[in-house]
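[1] Build me a model:
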Amino acid sequence: MHPTLLEPKITTILMSQESKEPIRVIIADDHVLYRAGVKAALSSKTDIKVIAEADNGSHLLNLLKNIEVDVILLDIQMPIMDGIATLPEIKKINPLIKVIMLTMVDDNSMITKLMELGANSYLTKTSDSEIIYEAIKTCFEQEYYFNSMTNKALLSNLKQRTPAIPQQLSPQDAQLNDKETTILRLMCEEKSTKEIADMVELSPRTVEAIRDRLKVKTGSKTTAGLIMYAVKHKIIEEL
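    Have a look, this model is predicted:
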């Protein structure tokens, strides 16, 4: 085939790659140096763009009146309006915005509280830039980013309380088949949709459909709810 015949196809591919918009990120933290460090680290990622910074929750909410964002890195401890008070206000403005909470403290009860308020992940501020990048990407694409810290918090919380978790069906009523149980276990092990698809030999689209079906069967509204369901009903014994 003559080389010139390939040019339109090559041009089309390049245009489609260039037209893909980066994930829009806001960093809300009262420490200027921390914001600068995270922004500098993420600047090398072509699929992420830090579009704004805020030094407290009130400042952040004002920004959200005028700009659209995909993911927010939200510090828990800030003056004027902290991250705990800001989180539900963000979700009121736009529930589709993904919020990753940042803190210096690994606190199981706090993690669980924030996940129930709508947080999509929870990271310590000592997390390296690659972890932050992975969390942003995963939350944007799959709603939640679970790590050993969030999983242990959910498990600890379930051991301390009983049927307070908003599940509408008993394990007998759910009647999960082997494939659904396997996929739920893999989700609890922090596997991505693609990884799960490869492991169970299904397409990513089919895995997503099964995940949605699991939510309906178990009465869970979110992926976090599915994780809690799996622990509560001993589908997984230990995280």
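
[2] can you give me the helices for the protein?
    Listed in chain order, the helices found in the chain under DSSP state H are 7-19, 32-42, 57-63, 83-93, 108-117, 129-142, 148-160, 171-174, 178-188, 193-200, 204-218, 223-232.

[3] ranking these by burial, who's on top?
    Ranked by mean neighbour count under mean count of other CB atoms under 10 Å, those are led by helix 223-232, which reaches a mean of 22. C-beta: built from backbone N, CA, C; applies to glycine.

[4] Can you name every helix or strand that it contacts?
    Under the contact criterion of 3 or more CB pairs under 8 Å, 6 or more residues apart in numbering; DSSP states H and E, the helices and strands touching helix 223-232 comprise helix 148-160, helix 178-188, helix 204-218.

[5] Among the helices of the chain, show the one with the smallest mean pLDDT.
    Comparing mean pLDDT across those, the weakest is helix 7-19, with a mean of 44.

[6] sorry, back to before: would you format the helices of the chain as TSV with distance to residue 51 included?
    As requested, the helices of the chain are exported to TSV (distance: least, CB to CB, whole Å):
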stretch	distance to residue 51
helix 7-19	18
helix 32-42	10
helix 57-63	9
helix 83-93	15
helix 108-117	23
helix 129-142	13
helix 148-160	26
helix 171-174	42
helix 178-188	31
helix 193-200	27
helix 204-218	28
helix 223-232	26
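
[7] Looking at those helices, spot the one closest to residue 71.
    With distances scored as CB to CB, the stretch of the helices of the chain nearest to residue 71 is helix 129-142 (5.0 Å).

[8] so what's the backbone phi/psi at the residue lying closest to residue 147 once chain neighbours are set aside?
    Of all residues beyond its chain neighbours, the one nearest residue 147 is residue 190 (6.8 Å), with distances taken as CB to CB, 6 or more residues apart in numbering. According to degrees, to the nearest 10, the main-chain angles of residue 190 amount to phi 70, psi 20.
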